[in-house]
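Colleague: Okay, structure incoming, though there's no sequence with it:
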């Protein structure tokens with residue numbers, strides 16, 4: 001996580017996961033978000049978004065991923081899901097798929113659940129950053 005002036009907050013949560021750990025990822029994110037002061041409903045939305053990103057990492061990113069959650073200031077919590085997969089860039093859809101338009105809904109769902117979503121792709125893998133404000 002890049003921060004201003006070289007400051008990098010200590011992670012509230014860091015874990016490696018695969019298919020068998022997705023339920024543990026959900027429990028850990030919800031608990032971590034609540035302990036950081038995220039309102040219950042917003043913590044649930046963050047958990048939904050992280051679950052989608054982690055599921056995508058397992059399915060499209062080589063079967064595993066890494067999760068890191070930080071509170072980088074007193075206003076927001078950021079979850080980053082990283083995997084070794086390198087997929088072609090897809091724009092984040094503005095609207096969900098309809099029965100006559102077939103496209104994945106994962107990025108749209110993540111964007112709807114969070115205050116900010118970014119996807120970074122490098123030769124070493126993909127990182128999805130999901131940001132939620134503590135009080136919105």
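Modeller: Yes, it's here. It should be emphasised that the depicted structure is a prediction, and the values quoted were computed from it without experimental measurement.

Colleague: count of neighbours near the closest residue in space to residue 74 that isn't next to it in sequence?
Modeller: Of all residues not flanking residue 74 in the chain, residue 134 sits nearest, at 7.3 Å (C-beta to C-beta, 6 or more residues apart in numbering). C-beta here means a position set from N, CA and C on the backbone, and glycine is covered the same way. Other residues near residue 134 come to 17 when the count uses other C-beta atoms under 10 Å.

Colleague: likewise residue 16?
Modeller: Counted with other C-beta under 10 Å, residue 16 comes out at 10.

Colleague: what are the pairing partners of the host helix or strand of it, and which direction each?
Modeller: In the assignment (DSSP states H and E), residue 16 maps to strand 13-18. In the sheet, strand 13-18 lines up against strand 64-70 (antiparallel) (DSSP bridges).

Colleague: what does the strand it pairs with contact?
Modeller: With contacts defined as C-beta atoms under 8 Å, 6 or more residues apart in numbering, strand 64-70 is touched by 1, 9-18, 25, 28-29, 32-33, 36, 50, 54, 57-58, 77-84.

Colleague: buried set for the lowest-mean-pLDDT helix or strand in the chain?
Modeller: Using mean pLDDT, DSSP states H and E, helix 106-113 stands out as the lowest-scoring helix or strand of the chain, at a mean of 88. Buried residues in helix 106-113, counting neighbours by 16 or more other C-beta atoms under 10 Å, are found at 106-111, 113.

Colleague: Please apply the same query to stretch 51-63.
Modeller: 51-58, 61.

Colleague: In helices only, show me these.
Modeller: Taking DSSP state H as the definition of helices, the buried residues of stretch 51-63 contribute 51-58.

Colleague: and which of these is nearest residue 72?
Modeller: The closest of these to residue 72 turns out to be residue 53 (C-beta to C-beta; 17.8 Å).

Colleague: Can you name the next helix or strand after the strand holding residue 16?
Modeller: The helix or strand immediately downstream of strand 13-18 is helix 22-35, counting by DSSP H and E.

Colleague: that older thread, going by distance to residue 119, which of the buried residues of stretch 51-63 wins?
Modeller: Of all the buried residues of stretch 51-63, the one with the least separation from residue 119 (C-beta to C-beta) is residue 53, at 9.1 Å.
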